[in-house]
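[1] give me a model of this one.
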Amino acid sequence: MYRNARQAKILEIIGRQEIETQEELCAELNKLNFNVTQATVSRDIKELRLYKVAGSAKKYRYVGLDGAQEELSPRMLNLFRESVLSINHANNIIVIKTLRGNGQGGGSFVDSLQISEVIGCVAGDDTVIVIVNSNENTPVVAEKLREYLL
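    Model (predicted):
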């Protein structure tokens, strides 16, 4: 129950103000008597599938998927198109380079595609590592991802 209330509050906070970092989100939650750590907020961000977009008052801000839907949203497609710099692969690994601060959004986009050959992906600040189930399927998956850039 506490987790659901906290996550609902996170969505409320990012809906009314620009939050750029996990630390800022922790501070806002602590002001509202949610005793949280950065690790807890990090897990919540992942579970809520939040990602960063350019802010107006701050450089970046957290946003969520439209209506918590699992399918591909036009917003995420545009973010992917505008932030991806390159898609390369070797063996069963695809490396997606993004503009700084857009790795998490790129990772969420790849996850939302639910490509059966993708085992999983790890997102950093400006890089997404996609693990594919075989070396043979990797070029096919990489090409699928490149098609979203067109």
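[2] for residue 7, what are its contacts?
    44, 47-48 (CB atoms under 8 Å, 6 or more residues apart in numbering). Placement of C-beta: from N, CA and C, glycine included.
[3] swap the cut-off to 10 Å and go again
    By CB atoms under 10 Å, 6 or more residues apart in numbering, residue 7 lies in contact with 43-45, 47-48, 50.
[4] quick check: which ranges of the protein have low pLDDT?
    Low-confidence segments of the chain, defined by pLDDT under 70: 1, 65-73.
[5] how far off centre is stretch 21-38?
    Taking CA atoms, centre = their mean, to the nearest Å, one finds stretch 21-38 lying 20 Å from the centre of the chain it belongs to.
[6] using CSV, write out every CA atom in stretch 91-101.
    The C-alpha coordinates for stretch 91-101 follow below in CSV (Å, rounded to 0.1, in the frame of the first residue of the first chain):
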residue,chain,number,x,y,z
ASN,A,91,27.8,-10.5,-31.6
ASN,A,92,24.5,-10.5,-29.7
ILE,A,93,24.8,-6.9,-28.3
ILE,A,94,23.3,-3.7,-29.8
VAL,A,95,24.6,-0.4,-28.6
ILE,A,96,22.3,2.6,-29.0
LYS,A,97,24.1,6.0,-28.4
THR,A,98,21.7,8.8,-27.5
LEU,A,99,21.9,12.5,-26.6
ARG,A,100,23.0,13.0,-23.0
GLY,A,101,20.2,12.3,-20.5
